[in-house]
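K.L.:
From the sequence below, what's the structure:
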Amino acid sequence: MVTPDEDIFYLVGLLSSAKPHSTGKDGLEHIIKQNDRILRLCERKQLGVKQYLPQYKTQNEWKVHFGKQWGVYSRRKSTYDPLAILAPGQRIFKKAVPFQ
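P.N.:
Residues are numbered from 1 along each chain as shown. Coordinates of the predicted model:
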């Protein structure tokens, strides 16, 4: 878990459930859009939120997520997994291209 620099922080969990095949407010698509709106609002208000089980698509989003700890994380990844073989599905690091 990435913890903030402050002595006190709050953990808020938003747990939703969707009805299968629903296209209304209880449908998966609506819930995903609602979650995205909440995250964008938190970014605009600079609330310093972190997602757990995040769906980041770029390395820059991961850098923001890890904040000041990114450098340590990146160096350890380079040291212990230089070919970026482990956990490729999270799209944190690009897989190394082997030499031919």
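K.L.:
mind checking which helix or strand of this structure has the lowest mean pLDDT?
P.N.:
helix 59-66 (a mean of 88; mean pLDDT, DSSP states H and E).
K.L.:
So for the next helix or strand after that helix, what gets flagged as buried?
P.N.:
Next in sequence after helix 59-66, counting helices and strands by DSSP states H and E, comes helix 70-80. Neighbour counts over helix 70-80 (16 or more other C-beta atoms under 10 Å) mark Y73, S74 as buried. In this view, the C-beta of every residue, glycine as well, is placed from N, C-alpha and C.
K.L.:
what residues does the least confident helix or strand of the chain touch?
P.N.:
V2, K50, Q51, P54, Y56, W70, Y73, Q90, R91, I92, F93, K94 (C-beta atoms under 8 Å, 6 or more residues apart in numbering).
K.L.:
From the residues you listed, list just the buried residues.
P.N.:
K50, Y73, I92, F93.
K.L.:
wait, isn't the last one in contact with A84?
P.N.:
Spelled out, that is F93. Yes: when contacts are counted by C-beta atoms under 8 Å, F93 is listed as touching A84 (4.4 Å).
K.L.:
Could you check which helix or strand contains the residue nearest to the spatial centre of the chain?
P.N.:
In the chain, the residue lying closest to the centroid (C-alpha atoms, centre = their mean) is P54, at 3.3 Å. Following DSSP H and E, one finds P54 outside all helices and strands.
K.L.:
State the number of residues packed around the nearest residue to it once chain neighbours are set aside.
P.N.:
Nearest non-adjacent residue to P54, counting by C-beta to C-beta, 6 or more residues apart in numbering: H65, 6.5 Å away. For H65, the count of nearby residues is 18 (other C-beta atoms under 10 Å).
K.L.:
So which bits of the longest helix anywhere in the chain are buried?
P.N.:
Across the chain, the helix with the greatest residue count (assigned by DSSP state H) is helix 28-44. Residues of helix 28-44 classed as buried: I31, L39 (neighbour count, 16+ other C-beta under 10 Å).
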